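Peer 1: What follows is a predicted structure for the sequence shown.
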Amino acid sequence: MHTINTTNMSTLRKQFEAYDKRPRVWLDSDGDESWCFNFYDWFCKDSSLENRAKRLMPTARRFAQKMGIDLDTHYVFFKNNCPMNGPLRDDFRICEVETGDVVWTVTPNHQGRCEIWGSENRFDKPIYEGYGIRDFYSERELVA
């Protein structure tokens, strides 16, 4: 495990607060305003990033809340993936601020399906595959 300089790093709390501002501000993991709407990598048109991010951020916030993720020790970024077969898919990744390690990778909606990977099983296989993230919450009894 490596450690990084966390002095200016963003956190989920800072990212969610910036997202709630008007005009909306998108903070990347470094705490800087993100011109690419917090996407780390993408294969779609630049012009579609904002709408994709607007769908991902509320889902990331709800996931962090439901999973009890510490908002002050984690951050989120987005990725637009180009699989070998099929259409593009978006995910969000929640990482530890101190190490930069990914803790969760969540594809909340890809053709009506949800996939969740995590460090709890060392990303060996999906922790959840199903027809919606709400089903994952129900399975985990994260209804509150």
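Peer 2: Noted; the coordinates are in hand.
Peer 1: now the residue positioned nearest the centre of the chain: how far from residue 71?
Peer 2: The chain has residue 92 as the residue nearest its centroid, 2.5 Å off, counting by Cα atoms, centre = their mean. Noted for residue 92: a distance of 14 Å to residue 71, by Cβ to Cβ, to the nearest Å. From N, CA and C alone the C-beta is placed, and that goes for glycine too.
Peer 1: ditto for residue 40
Peer 2: For residue 40, the distance to residue 71 - Cβ to Cβ - is 20 Å.
Peer 1: Between these two, which is the more surrounded one?
Peer 2: Shown here are residue 40 and residue 71; by other Cβ atoms under 10 Å, residue 71 has more neighbours (16 against 13).
Peer 1: quick one: contacts of the top helix by length along the chain?
Peer 2: If you go by DSSP state H, the chain has its longest helix at helix 49-67. Here helix 49-67 makes contact (Cβ atoms under 8 Å, 6 or more residues apart in numbering) with 12, 15-16, 19, 26, 36-39, 42, 44, 69, 71, 74, 76, 78, 80, 90-92, 94, 104, 106, 108-109, 133, 137, 140, 142.
Peer 1: send the alpha carbons of it over as PDB?
Peer 2: C-alpha atoms of helix 49-67 as PDB (Å, rounded to 0.1, in the frame of the first residue of the first chain):
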ATOM      1  CA  LEU A  49     -20.000  14.000 -20.200                       C
ATOM      2  CA  GLU A  50     -22.000  16.500 -18.200                       C
ATOM      3  CA  ASN A  51     -25.300  14.600 -18.600                       C
ATOM      4  CA  ARG A  52     -23.600  11.300 -17.800                       C
ATOM      5  CA  ALA A  53     -22.100  12.900 -14.700                       C
ATOM      6  CA  LYS A  54     -25.500  14.300 -13.600                       C
ATOM      7  CA  ARG A  55     -26.800  10.700 -13.600                       C
ATOM      8  CA  LEU A  56     -23.900   9.200 -11.700                       C
ATOM      9  CA  MET A  57     -23.300  11.700  -8.900                       C
ATOM     10  CA  PRO A  58     -26.700  11.300  -7.200                       C
ATOM     11  CA  THR A  59     -26.300   7.500  -7.400                       C
ATOM     12  CA  ALA A  60     -22.800   7.700  -6.000                       C
ATOM     13  CA  ARG A  61     -24.100   9.900  -3.100                       C
ATOM     14  CA  ARG A  62     -26.900   7.400  -2.300                       C
ATOM     15  CA  PHE A  63     -24.500   4.500  -2.600                       C
ATOM     16  CA  ALA A  64     -22.100   6.200  -0.100                       C
ATOM     17  CA  GLN A  65     -25.000   6.900   2.200                       C
ATOM     18  CA  LYS A  66     -26.400   3.400   2.100                       C
ATOM     19  CA  MET A  67     -23.000   1.700   2.500                       C
END
